[in-house]
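Asks: below are the sequence and a predicted model for it; my questions follow.
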Amino acid sequence: MNTPHPPEPPTLAARDWIAGLERGLSIIETFDEAHPRLSAQQAAQRCGLTRTAARRYLLTLTHLGYMATDGKLFWLTPRVMRLGQSYLESARLPRIVQPFLQRLTASTHETSYLSVLDGDEIVYVARNGPVRHMSTGFVLGARVPAQVTAAGMLLMALKGPAAIDAWLQARHGLQTFSEHTITDLPAMRAQLHQVRQQDWALSEQQLDLDYRGVAVPLRDRMGETVGALSIIMPMQHEASTDALRRVLPLLKETAQSMRNLI
């Protein structure tokens, strides 16, 4: 089995580094579900900036339409979504994958996804299938902790034993999302080892009690893993073995059919 080696970011010369851009992006990223509204002081503390500097960035972003404020607190506006939409509209991989996801959905009558790994999270960059009452963790563009999805566990596992060990050693604990979430580090290491050996992943009820996911790697013509192809389906009354028998061969076949196009 080929071990993926993602390319390292190119070294950037000091003269080409724009610190202001880095800080402006860090200000945007400091807002999340737990911190939807922040004062300049709070944003400064989360970004490691002075209050004066943070306030200048926040006011500039407000002027550009990416923030709103009541004079004390700041929050993101929908304009921020343009940044992610630009990726979805310009990236080559989601466009290539979409017709294949449509066929996969037609064959399985389930929702299919393409996911990529970004740090400790996966991001759904392409999707096709029926609109169901699903967690927001399953929508296009959603970011989900890798530990609780089939796609995330697969992509983490394929990074190799050294990367897995480094990731687990950096954890003080794994977050709990449901009663089935794997939170024991040795158990997670064993699970990732198994996923790496079999080259596919199954995740059941770890994020949402009503759903299971099955994922296979999507590799390019050079054998490098570029993402995960997955199906997320309701648990209903279907046994795990029956679900795997029904969708896993189709997932593998679809991933193989795309290999020479990527």
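Replies: Perfect, thanks for sending it.
Asks: show residues contacting the helix ranked longest in the chain.
Replies: The helix that spans the most residues within the chain, counting by DSSP state H, is helix 240-258. For helix 240-258, the external contacting residues (C-beta atoms under 8 Å, 6 or more residues apart in numbering) are 96-97, 100, 103-104, 107-108, 110, 200, 202, 204, 212, 214-219, 229-231, 233, 238. Backbone N, C-alpha and C define where each C-beta goes, glycine included.
Asks: need the buried ones from these selected in PyMOL.
Replies: Selection of buried members from the contacts of helix 240-258 for PyMOL, criterion 16 or more other C-beta atoms under 10 Å:
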select buried, resi 97+100+104+108+110+200+202+204+212+214+215+216+217+218+219+229+230+231+233
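Asks: which ones among the contacts of helix 240-258 lie within helices?
Replies: Among the contacts of helix 240-258, the ones falling in helices (DSSP H) are 96-97, 100, 103-104, 107-108.
Asks: what pLDDT does A215 get?
Replies: As predicted, A215 sits at a pLDDT of 97.
Asks: I figured it hits S230, correct?
Replies: Yes: in this structure, A215 is within contact of S230 by C-beta atoms under 8 Å, at 3.7 Å.
Asks: list the residues that contact both of the two?
Replies: Common neighbours of A215 and S230 (criterion: C-beta under 8 Å, 6+ apart): 115, 149-151, 251.
Asks: mind checking which of the residues you listed land in helices?
Replies: Per DSSP H, those map to helices at 150-151, 251.
Asks: can I get these in JSON lines with pLDDT, neighbour count and distance to K72?
Replies: What follows is these, written out as JSON lines (pLDDT from 0 to 100; neighbours: other C-beta atoms under 10 Å; distance: C-beta to C-beta, whole Å):
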{"residue": "A150", "pLDDT": "95", "neighbour count": "26", "distance to K72": "43"}
{"residue": "A151", "pLDDT": "95", "neighbour count": "31", "distance to K72": "40"}
{"residue": "L251", "pLDDT": "97", "neighbour count": "23", "distance to K72": "50"}
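Asks: and which of those is nearest I28?
Replies: Using C-beta to C-beta, A151 is the member of those that lies nearest I28, at 25.3 Å.
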